[in-house]
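Peer 1: give me a model of this one.
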Amino acid sequence: MSEAVDTPVDTPAVDAPEPSGLPSEQPTATDFAGFDLSDDIKGKFKDGKLNGRFSSIDDVLAKLKEAEDFKSATISEQKKAEGSQQQLEEKTVNTNAVVNELLPSFLEGGMVLTPDMEAKLTEGITNATEKELAIYKFRDEARGIADRTNSAYGIVGGKDNYTAMQEWGAENLSDAEKTVFTSDVNGSPEASTIAIQWLNGKYQEALKDGTTHKRIQGQPHNTGIRPYADRKELFKDKDYIDSPAGRRDPTAKKNYQARLRMTPDAVVYGHN
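Peer 2: Numbering: from 1, shown residues only. Sure thing, here's the model as predicted:
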């Protein structure tokens, strides 16, 4: 029996490409011209070192790597700082929203911080010291607002007067005047006082001129009858009513009682 003999397979010959001028087919040559020691470069040597610092190419490369590493680390730190700042800003916005939400109830409730309020105010804070700080800041801000509010009420003779004045202003001031008033009231204490006095002056003039029909305490409005603006005006009428002439003047008594009924308690009793 004959043995199997492998028949060689003919592999087609691949002709070598003919030489061409294509740049991609040109052998890559390393250009060291930039490392030649020209006269200008030689002039930068001092005590055998380039720029008096580098004694070899390795020294230059080491310094270059050091600079690149420093730049990379700096960029990384900047990105971390930007991320932290963004997180801080987002946290501040969220915190302010919670504070603004809780403040009205806190002030109306006699500045008593309920457990629910405290939980909402410190939500997401695990550190006990940071929780105490958040509560302290909230109380401090609330006290500041309460002081400013009471001061504003005191300027015009009480909360009822202030509310009536604001309602009148909302209907009678121009948009530009409203913008300036709001800005000043939220500004410095001095600017706030001046703004409130300005608006109250306009409101009182409207009351005297009979150009406003606002109710201060909900009593029916009487044409020609207006509330007392302050205790000085009130007591001047009262002295007349108590005098012999006043006791013989039924119309004066009637008008005095009508104005007295329309006057806020803050003016009558002299407190907010």
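
Peer 1: would you mind writing the CA trace of stretch 65-73 as PDB?
Peer 2: Output of stretch 65-73 as PDB, limited to C-alpha atoms (Å, rounded to 0.1, in the frame of the first residue of the first chain):
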ATOM      1  CA  LYS A  65       7.200  65.700  34.200                       C
ATOM      2  CA  GLU A  66       7.100  67.500  37.600                       C
ATOM      3  CA  ALA A  67       5.400  70.500  36.000                       C
ATOM      4  CA  GLU A  68       2.900  68.300  34.100                       C
ATOM      5  CA  ASP A  69       2.100  66.400  37.300                       C
ATOM      6  CA  PHE A  70       1.600  69.700  39.200                       C
ATOM      7  CA  LYS A  71      -0.700  71.000  36.500                       C
ATOM      8  CA  SER A  72      -2.700  67.800  36.500                       C
ATOM      9  CA  ALA A  73      -3.100  67.900  40.300                       C
END
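
Peer 1: neighbouring contacts of the helix or strand that contains I194?
Peer 2: I194 belongs to helix 189-209 when assigned by DSSP states H and E. With contact meaning Cβ atoms under 8 Å, 6 or more residues apart in numbering, helix 189-209 is reached by 148, 151-152, 155-156, 161-162, 164-166, 168-169, 172-173, 180-181, 184-186, 212, 226-227, 229. From N, CA and C alone the C-beta is placed, and that goes for glycine too.

Peer 1: which residues sit against the helix or strand just after that helix?
Peer 2: As assigned by DSSP H and E, the chain's next helix or strand after helix 189-209 is helix 231-242. Residues external to helix 231-242 that are found in contact with it (Cβ under 8 Å, 6+ apart): 228, 246-247, 249, 252-253, 256, 259-260, 263, 267-268, 270.

Peer 1: of these - the most surrounded one?
Peer 2: Highest neighbour count within the contacts of helix 231-242: T263, with 24 neighbours (other Cβ atoms under 10 Å).

Peer 1: which of the contacts of helix 189-209 count as buried?
Peer 2: 152, 155-156, 161-162, 164-166, 168-169, 172-173, 181, 184-185, 212, 226-227, 229 (16 or more other Cβ atoms under 10 Å).

Peer 1: just checking, which of these belong to helices?
Peer 2: 152, 155-156, 161-162, 164-166, 168-169, 172, 181, 184-185 (DSSP state H).

Peer 1: okay, helices next: where are they in the stretch 51-200 of the chain?
Peer 2: 57-108, 115-121, 128-156, 159-172, 175-185, 189-209 (DSSP state H, counting those that start in this stretch).

Peer 1: looking at those, spot the one closest to F35.
Peer 2: helix 57-108 (8.0 Å; Cβ to Cβ).

Peer 1: pLDDT averaged over the closest one - what is it?
Peer 2: Helix 57-108 shows a mean pLDDT of 72.

Peer 1: run the chain-centre distance for stretch 55-64.
Peer 2: In terms of Cα atoms, centre = their mean, to the nearest Å, the centre of stretch 55-64 is set 51 Å apart from its chain centre.
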